[in-house]
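Visitor: I need the structure of the sequence given here:
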Amino acid sequence: MTFAKTLATTAAAALVAGSAFAANPMVGGAAMYEDKNIVENAVNSADHTTLVAAVQAAGLVETLSGEGPFTVFAPTNAAFEALPAGTVETLLKPENKDQLTKVLTCHVVAADVMAAALSEMIIADNGSHEIKTVGGCVFEAKQMGTDIVIEDEMGGTAKVTIADVEQSNGVIHVVDSVLLPKM
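Guide: Sure, this is the predicted structure:
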């Protein structure tokens, strides 16, 4: 085999190997594995401890570990900390489980929606695409430059900061704000 042919073969093999092992983005300092479900990956993210605690308090672990497919807009700890003082503590109380469940399920869509597909839907809908969530919320997705921004029912916005974190039962998009339903 000639040097050029060996080089071409090696380059082709590297390209195939690279695409076969393309990794998910890191989230919260942890690797995210496509063969693990949403909950199995989220518990490893240092940036999502509040979300994980909320999912546990709402009794949604089994649901989000299920078959799906789900798209989860996952707020970071900083997003929860930006809520008015005492909001998270109040939501985590057992007597507020229904309200907590509503807030959390408004971050979930019953489909596997990658960022490129969402961008295409935004463009097709003249700049704003309606997102219907599992929790019954209706949000608006918009493109702001290269960013996808979600507007909640209270007029607040959350920017997707890490997109397309593939899971065995869907996809996670990390967002920088908590999306709120009409209260």
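Visitor: quick one: least confident helix or strand in the protein?
Guide: Within the chain, no helix or strand scores below helix 3-20, which has a mean of 37 by mean pLDDT, DSSP states H and E.
Visitor: And the next helix or strand past that helix?
Guide: helix 38-42 (DSSP states H and E).
Visitor: Convert the C-alpha atoms of that following helix to CSV, please.
Guide: Listed next in CSV are the C-alpha coordinates belonging to helix 38-42 (Å, rounded to 0.1, in the frame of the first residue of the first chain):
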residue,chain,number,x,y,z
ILE,A,38,-32.8,12.4,31.4
VAL,A,39,-32.8,11.7,35.1
GLU,A,40,-29.6,9.5,35.0
ASN,A,41,-27.7,12.3,33.3
ALA,A,42,-29.2,15.3,35.2
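Visitor: as a whole number, average confidence for stretch 132-145?
Guide: When pLDDT is averaged over stretch 132-145, the result is 96.
Visitor: That stretch: end-to-end distance?
Guide: This stretch, stretch 132-145, spans 23 Å end to end (C-alpha to C-alpha, to the nearest Å).
Visitor: what comes up buried for that stretch?
Guide: For stretch 132-145, the neighbour count (16 or more other C-beta atoms under 10 Å) marks 133, 134, 135, 137, 139, 140, 141, 142 as buried. All C-beta spots, glycine's among them, are computed from the backbone N, C-alpha and C.
Visitor: Tell me the gap between that stretch and the middle of its chain.
Guide: On the basis of C-alpha atoms, centre = their mean, to the nearest Å, stretch 132-145 sits 13 Å off its chain's mean C-alpha point.
Visitor: List the contacts of it.
Guide: Residues outside stretch 132-145 that contact it (C-beta atoms under 8 Å, 6 or more residues apart in numbering): 70, 101-110, 118-119, 121-123, 127-131, 148-153, 159, 179, 181-182.
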